[in-house]
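Enquirer: Build the 3D model from these lines:
(8 chains)
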Number of protein chains: 8
Amino acid sequence: MSKAYVRLDKSQAAVLLVDHQAGLLSLVRDQDPDKFKNNVLALADLAKYFKLPTILTTSFESGPNGPLVPELKERFPDAPYIARPGNINAWDNEDFVKAVKATGKQQLILAGVVTEVCVAFPALSALAEGFDVFVVTDASGTFNEITRDAAWRRMEANGAQLMSWFGVACELHRDWRNDIEGLAALFSAHIPDYRNLITSYSTLTAAK
Amino acid sequence: MSKAYVRLDKSQAAVLLVDHQAGLLSLVRDQDPDKFKNNVLALADLAKYFKLPTILTTSFESGPNGPLVPELKERFPDAPYIARPGNINAWDNEDFVKAVKATGKQQLILAGVVTEVCVAFPALSALAEGFDVFVVTDASGTFNEITRDAAWRRMEANGAQLMSWFGVACELHRDWRNDIEGLAALFSAHIPDYRNLITSYSTLTAAK
Amino acid sequence: MSKAYVRLDKSQAAVLLVDHQAGLLSLVRDQDPDKFKNNVLALADLAKYFKLPTILTTSFESGPNGPLVPELKERFPDAPYIARPGNINAWDNEDFVKAVKATGKQQLILAGVVTEVCVAFPALSALAEGFDVFVVTDASGTFNEITRDAAWRRMEANGAQLMSWFGVACELHRDWRNDIEGLAALFSAHIPDYRNLITSYSTLTAAK
Amino acid sequence: MSKAYVRLDKSQAAVLLVDHQAGLLSLVRDQDPDKFKNNVLALADLAKYFKLPTILTTSFESGPNGPLVPELKERFPDAPYIARPGNINAWDNEDFVKAVKATGKQQLILAGVVTEVCVAFPALSALAEGFDVFVVTDASGTFNEITRDAAWRRMEANGAQLMSWFGVACELHRDWRNDIEGLAALFSAHIPDYRNLITSYSTLTAAK
Amino acid sequence: MSKAYVRLDKSQAAVLLVDHQAGLLSLVRDQDPDKFKNNVLALADLAKYFKLPTILTTSFESGPNGPLVPELKERFPDAPYIARPGNINAWDNEDFVKAVKATGKQQLILAGVVTEVCVAFPALSALAEGFDVFVVTDASGTFNEITRDAAWRRMEANGAQLMSWFGVACELHRDWRNDIEGLAALFSAHIPDYRNLITSYSTLTAAK
Amino acid sequence: MSKAYVRLDKSQAAVLLVDHQAGLLSLVRDQDPDKFKNNVLALADLAKYFKLPTILTTSFESGPNGPLVPELKERFPDAPYIARPGNINAWDNEDFVKAVKATGKQQLILAGVVTEVCVAFPALSALAEGFDVFVVTDASGTFNEITRDAAWRRMEANGAQLMSWFGVACELHRDWRNDIEGLAALFSAHIPDYRNLITSYSTLTAAK
Amino acid sequence: MSKAYVRLDKSQAAVLLVDHQAGLLSLVRDQDPDKFKNNVLALADLAKYFKLPTILTTSFESGPNGPLVPELKERFPDAPYIARPGNINAWDNEDFVKAVKATGKQQLILAGVVTEVCVAFPALSALAEGFDVFVVTDASGTFNEITRDAAWRRMEANGAQLMSWFGVACELHRDWRNDIEGLAALFSAHIPDYRNLITSYSTLTAAK
Amino acid sequence: MSKAYVRLDKSQAAVLLVDHQAGLLSLVRDQDPDKFKNNVLALADLAKYFKLPTILTTSFESGPNGPLVPELKERFPDAPYIARPGNINAWDNEDFVKAVKATGKQQLILAGVVTEVCVAFPALSALAEGFDVFVVTDASGTFNEITRDAAWRRMEANGAQLMSWFGVACELHRDWRNDIEGLAALFSAHIPDYRNLITSYSTLTAAK
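Expert: Here you go, the predicted structure:
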C-alpha cells in the first residue's frame, strides 16, 4: 500500500520557463501582478542558486505576445533559449525537446504563462515520455481561477506533481546546514514576512 | 509509469452544446453573465473556425426553459439541432446519440447549462461508451461554486478531461503557423486583454 | 478504458438525513443560512416526491445539539427515526444500519451536519460495505471551506459520488414527460430564479 | 468495488506537531491568525485528551524561525522534543523517525507550518514507509490558497487522508457515552458556537 | 453638535415596494437569490404585521420585465397597485405620488429592483420633497457590488437612511412586550438561525 | 431639510471619455476584463443613443499607454478628440476644457482609466468650477479595490455623484414611452440577462 | 477649515456592552466566530485594564436570545447589569440611561449584537442627547456585510466615530511609558501575531 | 456650490512615514505582503523622486515592534528620524511635530502601520491644527478590512483626503513633459503591468 515518494533531487532536476513574455503577462489574472512577478523571479533565483540547468522558451516574440521579460534574460544569459516560431506546445518543438534531453535530467520543474496551455501541454507531453514533472503553480498564471483549476486537475490526473517555488526550494535543499546564508538570502529576497523576521533577528543578535 | 497524453485533434473532435437556453441561463450564478456569455460564444466561434462538427440540443424550448440563445442558432444554421421533448440527459435521446455517432468522431468537446446535469449526465454516459470527453468548464455554468465543484469531481473521477475554451483552441491549433491571422482574430474577439495587445502592436508596427 | 456510469435510479435509492438538528445548524458556516435551509428542505421534498425510503437520525437531541428541525419531522412522520444515544458515526448504531438495510436499496443518498463527521463517517462505512454512496454536498454543512474541502476529498478518495440536490432530482427523474408539473413544482418551490421563469412564462401563455 | 475505511483508532494513533514556531507563524496567511491559533491549540488539546503519544519538532529555533509557541511547550512538557539542527524534512532526522517509531503506532496525525514543506515532506516520507497519514488541514498553515491547494493535492495523490481537528476528535471518540463531559469541554473551549449552545442549554436546564 | 435621531414610528410610516417583477429579478446579482427572496418577503411580512400602508408599483408588466412576483400580490390584495405605463422613476408617475401622499405618512420605507434606478430615483425625488426616506438595503437588489455601492452613496449623500428589514422591524416595534409572539413569529419565519434558537428553546422549556 | 435632486437631463449633459487606451487597460484589475469592456462600450453606446456631445481624450498615445481603443474611435468619428501631449489631468489641458465648455452643458458624465487619476483629477477640477459631475463608476477602472474606494471617497467628498452606466441611461431616458425599442436594444446589447428576458419574451409573444 | 479631534480620554469614557448573549451570537455571520469572540473579550479586557466604568445590558435573557456570555459576567461581577424586560433600544430603558449618566462620562464606547439594532439604536439616541459615541466595529456583529455596512453609514451620518478595539486601546493609552507590560499583555492575549513577536523577542533577549 | 480642489503641489508637500517596522509589518493582513511591500517602497521612491522632505518615525524599535525596515533607512539616510520612546500618536511627540513644522509645508502625505492608530491618530491631530492631510491608503496596512474601513471613515469624516501612491505621484507630477523618463522609471519599478508595457514598447520601437 505504501507509495514511493518521488522527491526533487538537485542532481536530477532541470527548470523549464515557458512563455513568460511581456505581452502574455497582461493576460494573467488569477494572481496579483506584484505577487506573480515575485514568484516567477523567485523560481528563477532558486534555479540559479541550485545551479539547475534552465531552459527558456518563448512563442512569437516578435508579435503581440511580446519579448521575454528582461529579468529572466538577465539571470540566464547562457541558458538555451528557444524562440519557437509557431509551436504552441513547446514539446512539439524539436529544439526544445533536444535541449531538455541534453540536460540529462529526469525531473522537470516547469512554470509558464498561461497555465492551461504553455504549462499543461508540455507537462502532459513530458509525462507521456516518462519524465517526472513538477509544476510550479505559483510561478504559472492564467486568466482566472476556473481556468487554473481545470488545468491543475488535467495535469494531476496524468501524474504531474503540483508544487510552489518555496516547496521546490526546500525539497532541493534538504538540510539548512548545506548553506544557511544562501537559502536565507533567497527567502529574504522573495518573502517579505521572512525578511522581516531576519531583520528583527539580526538587529537583536547584533545588539548583544 | 508514463501515461498517454490524450490530446485534442481537429480531425477527431466534435462539439456538443447542451441547453444554452435563454431561460436556463438565468440560473447560472457561478460566473459573471458578461464573462459567461463571452465564453460560450468563444467556444462556438472556435467550433466554426476549426470546422468541427457541432451539435445543438435543448430541452423543453417551448416551456420556461426558453429558446436556444439566438447567437448559437445564427452561428450554426445547418448543424443538427435536437430539441429533446423530455429527456434530461441528452444521451438518453436516441436522435442526439445518433447525431453524435454520425460525426464519426471519438473526441467530444462538451459544454452546457447547468453543469451538474446537462453537462455531467451526457459526459458520464459518453465516457461509459468509451468516448474521450473534454468538458469546457468555462462555457458551462451552474447555480454556485459548491454545485460546480461537486460536478467537476464526479466527471473527473470517471475520466473526463477538464479544459477551458482557450485551452481547447490552442490544443486544436497546434502551431500558429497554420494560420496566424485566424487564431489571432478568434482571441481578439473574445479576450479583451489580447485585443489590447494587438491594438498596441498593430499601431506601433504600422507607424514604422 | 470506458468506465461504468453508476447512476441514481429511483427504484434503487434511499435517503439518509443525519443530524440536521437545531443546535448543530448554528455551527454551519460554509453556506449562508437561508440557502442552506432551502437546500435541506429541497432534498427532503425530492425524497417525498420520488417516494424514496427516508431515514432520519439524530445524536443527543436532549442536549445542546438540539432537536431535529421540525420541518423534517413534519415531512416524514412515518419514517424510521433513530435518535442515537451516543454513536457519533451513525453507521456504528445497529438500529440505523438495520433501518438502512431494511430498505433493500443499494444506492444511498446522504446529507447531514457537519460534513466531515456526520456525513463522512457513515459514507466511508457504507462504502466499505459495498453500497453506492451519493453525497448531497449542498444539503450538508460545516464550519468553513477548509473543513468542507478536506471532507469532500476524503469521501471521494474512497469512492463517494459528490452531487447536489438538483442533480439528484434530475438524475432520478430521467424524463420531464414522467411528470412535468410535479418536477416544475419542486423546482419552483426551491429555486427562486426558476420560479421567476415560470411566473413570467405562465403569465404570458395565460394572456394568449 | 468496496473500499476499506481506514479509520482513526485511539490505540493506534500518534500526533506529530511540526514547526509551529513563533517566527514561522507570521508566514501563515491562508487562515486568519485567531482561527489558526485556535485550531492548533484544539489539536494539541485533543492529543492530550485522548492521551495520544505526541511528538514536537522544530527547525532552527535559535534563528529567525523563532521558538516553539509556548502554549505547545506547556501542554506537552514530557513529550519527545526534537529540535532539528538543519533537516527541512523532519523525516530526514533520525531522532525524529526514531521517536515516531518508538510510539509503536501505525496512524500518524500530522500538522505543521508551512503546509507544503513541514507537513507535506514528512507526510510523503511516512506514506512511503507504509504509515497511514492523517493531515490536520486546519491546524496547518501556509502563505496563500494556491500554495495550500497544491500541497493538499500532492499529499492526497500519495494517499494521505485530509481531515480537520474536529473530524479527528470525533473519529477517535467514536461514542459520546465514552465521556460526554470531556468531549463537550474540548468542543466548548475551541468552538465558540458550540460553547454558546452549551451556555444556553445549561442555563435553561439549570432553571428547571 | 447633537443630531436628532429620525426614528421610524409605526404611526408615521408607509412601505413602497417598487418593481419586484419576475423578469427584473433575474438581473439581481449582488445577493444570492435564496437570501434576496427571503429578504423581500420578510419586508412584506413586516409591513403586514405592523399594518403599515403599503403601495405596490411595477413598470411594463406586460413586457420582458415580467409580472409582479405573486407572493407580493397575495400578501397585499387590497393595496394600491400602480402599474406604471412608462415612467422609470415611480415618483414621475402622478398616481404613485398621489397614493403615497394619500397615506398621510412622512416616513417612507422603500425597496425595489434595481437599486440604482427603481430605488434611488424615487428616493431622491421624495427626499427633495421633504420626506424621510428609509431604504431597505437588503430587500433591494442590483447587478453587482460596484453598482450597489455607488447607488447607496448617492442616496446617502442626499439624506436617505440606509437600513435592513430586521432593523426596520426592530425600530418599529420598540418593545418586545408590545407583542412577543408576533415578532418572534416574524423572525422565525425569515431568520433560520433565529428559528433554530426558538426550536431548541421551546423544546427545552416544554420538557420541563 | 429637503435636498434638491440634481438629476441628469439629456439636454444638459455631455460625456467625457478619458484615457481608455489599449496599454492603460492592462492596468485595470478591479473589474473583470470582459465586464469592464462591456461597461465602457455600453456607456459609449448610450452617449450615441441619447445624442450627447461626447469628448474623447488620451495621454501619450504614441508611448506605452497605447492608442485609444478602436471601438471608441469608431463610435465617435466626429467627436472632439484631444490627444494630450503631457497633461495628466485632462482639465489642465486648455483644448480639453475649451471643448467641454463649447458643449454648453452643465452636467458632465465622466469615465476613464485609471479612476484615481484620469477620472478623479478632472472631476475635482470640474467640480471646483461649478459643474455637476456624474462619475460612471463601472466604466472606470483601476489597479485594485483599495485604490478605487479611496478615489470614490475623494470625489464624493467634493460633490461628485457616483453612478453606473445603467443608472445614467435610465435617468436620461425618463420614460420608456419615449422609445421602447431603442432603450431595449441598448440594454439587450449590454446586459446578457436582459437579452435573455427579451429572447424568451419575443419567442413566446411571437408564438401566439 | 481645521476640525477638532475628538479623542478618547480614559478619564472621560465609559463602555457599554449591549446584548452579547449566547443565543444572539449565533446570528452573527459578518465575522468568523473565533475572531469575533476574541474581539469582544479584548474590548472587555481593555475596559478592565483602563478601569473604565462598564455597563452590561441584555434583552430577554430568559427567552431564546439566551444568557449573557459567561466570560463577560465573570470579568465584570460588580458592573451595573440591566436585564431589559422588553425595550429593544437600550436607551429606551430608564435604568440603562440612568446607569450611563451615573458614570458622569461624556464619551461612550459602544459594542453589541446585532450591529444595526442593539448598537445603532442606542448610538443614535446617545448622539441625539449630545454624547460622543465611539462604536467598536469589530466587537459588534450582525447577519452579513450588507446589513453591517448600512448600519455603519447610518451611525456615521449622525456623528458616531467608528473604531476598533485596538484603536480604542491605543487612543486611551496615549504613551507606552504609562505601562509597557500591561499594554503588551493585553495585546499579547488577543493578537496572535503580536504574541509571536513578543515570544521571539523575549527568547532572544533572554538568551543574551 | 463649487468646492475648491485641494491639490497636491510638490512645493507644498512633505511625506511622513510612520512605524513601518519589521515586527509591526507582520500584523498587516488587509493587503498581501508582496503588494504591500511594493506600495511602501513606491511611496518612498516617489518621495525621493520629487525631492519631498520626508520624516521617518518609529515606536519602540528596541522592543518586539522591531527596527524600521532597512529599505526605508537606506533611501533616506539624512532624513529626520524620530525614534519615539513611548508616544503612540506621533503627533504627541514634540520632536516629530517640530520636524514636521520645520519643513514649512502645508500638505502632509502620510502612511504607516497600523492604519487606525499610527496613521489615523497623527492624521486627526494634524487636521485639527489646520494641515491638509493626504493619506496614502495602499502604503498603510492593518489587521483586516473591518478595521481599515472604520479607520478610513474616521479620518475622512475629519477632512483627510484618501489617495494611493500612484495618485499622489500623478498629482505631484502634473505633466509628463516635466520628465518622461523619470516618471516612467518610477512606474516601471513598481507596477509590473506598466513595466510590461514599456518592455514591449521599447522592443518594438527599438526594432524599427
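Enquirer: remind me which residues of chain A are low pLDDT?
Expert: Across chain A, the ranges flagged by pLDDT under 70 are A:1, A:208.
Enquirer: How about the contacts made by the closest residue to residue A:19 other than its chain neighbours?
Expert: Excluding the flanking residues, the one nearest residue A:19 by CB to CB, 6 or more residues apart in numbering or on different chains is residue A:118, at 4.2 Å. Every residue, glycine included, has its C-beta placed from N, CA and C. With contact taken as CB atoms under 8 Å, 6 or more residues apart in numbering or on different chains, residue A:118 is in contact with A:18, A:19, A:24, A:59, A:88, A:90, A:112.
Enquirer: now, the most widely separated pair of those residues?
Expert: A:24 and A:90 (13.4 Å; CB to CB).
Enquirer: ok so, going back, a markdown table for the contacts of residue A:118, including secondary structure, neighbour count and distance to residue E:128?
Expert: Formatted as a markdown table, the contacts of residue A:118 follow (DSSP: H, G, I helix; E, B strand; the rest coil; neighbours: other CB atoms under 10 Å in any protein chain shown; distance: CB to CB, whole Å):
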| residue | secondary structure | neighbour count | distance to residue E:128 |
| --- | --- | --- | --- |
| A:18 | strand | 28 | 61 |
| A:19 | coil | 26 | 58 |
| A:24 | helix | 27 | 52 |
| A:59 | strand | 24 | 60 |
| A:88 | coil | 24 | 60 |
| A:90 | helix | 28 | 64 |
| A:112 | strand | 29 | 58 |
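Enquirer: Where does whichever residue of chain A sits closest to chain F sit: helix, strand or coil?
Expert: Relative to chain F, the nearest point of chain A is residue A:26 (4.0 Å; CB to the nearest CB). Three-state assignment for residue A:26 (DSSP: H, G, I helix; E, B strand; the rest coil): helix.
Enquirer: Count the residues that sit near the closest residue to it other than its chain neighbours.
Expert: Spatial nearest neighbour of residue A:26, excluding adjacent residues (CB to CB, 6+ apart): residue F:26 at 4.0 Å. Taking other CB atoms under 10 Å in any protein chain shown as the criterion, the count of residues near residue F:26 is 27.
Enquirer: I'd say residue F:26 and residue B:196 touch.
Expert: Yes: counting by CB atoms under 8 Å, residue B:196 is a contact partner of residue F:26 at 6.1 Å.
Enquirer: Now for these two: what residues contact both?
Expert: Contacts common to residue F:26 and residue B:196, judged by CB under 8 Å, 6+ apart, are residue A:26.
Enquirer: measure the residue of chain A closest to chain F to residue A:36 for me?
Expert: 11 Å (CB to CB, to the nearest Å).
Enquirer: ok, now residue A:123?
Expert: 19 Å.
Enquirer: which of those two has more neighbours?
Expert: residue A:123 (31 against 22).
Enquirer: what about the helix or strand harbouring the more buried one and chain D, any contact?
Expert: Using DSSP states H and E, residue A:123 sits within helix A:120-128. No: contact of helix A:120-128 with chain D (CB under 8 Å from any CB of the partner chain) is absent, the minimum separation being 13.1 Å.
Enquirer: number of nearby residues for the closest residue to residue A:31 other than its chain neighbours?
Expert: Leaving aside its sequence neighbours, residue A:31 sits nearest to residue A:141 (CB to CB, 6+ apart; 5.4 Å). By the measure other CB under 10 Å, the count of residues near residue A:141 is 28.
Enquirer: Name all residues that make contact with residue A:141.
Expert: Counting by CB under 8 Å, 6+ apart, the residues that residue A:141 touches are A:25, A:27, A:28, A:29, A:30, A:31, A:36, A:113, A:114, A:115.
Enquirer: what do you get if the cut-off is 6 Å, keeping everything else the same?
Expert: A:28, A:30, A:31, A:36, A:113 (CB atoms under 6 Å, 6 or more residues apart in numbering or on different chains).
Enquirer: Next, residue A:53: phi, psi?
Expert: Dihedral angles of residue A:53 (phi, psi; degrees, to the nearest 10) stand at phi -60, psi 130.
Enquirer: Tell me the spacing between it and residue F:61.
Expert: Counting by CB to CB, the gap from residue A:53 to residue F:61 is 44 Å.
Enquirer: Please, where are all the strands along chain A?
Expert: Secondary structure of chain A by DSSP state E: the strands cover A:13-18, A:54-59, A:81-84, A:107-112, A:132-136, A:161-163.
Enquirer: surely residue A:90 meets residue A:18?
Expert: Yes: taking contacts as CB atoms under 6 Å, residue A:90 lies within contact range of residue A:18: 5.4 Å.
Enquirer: hey, what's in contact with both of the two?
Expert: residue A:57.
Enquirer: tell me which parts of chain A are close to chain B?
Expert: Residues of chain A lying close to chain B by CB under 6 Å from any CB of the partner chain are A:23, A:26-27, A:64, A:86-88, A:116-117, A:124-125, A:127-128, A:130, A:146-147, A:150, A:153-154, A:158-159.
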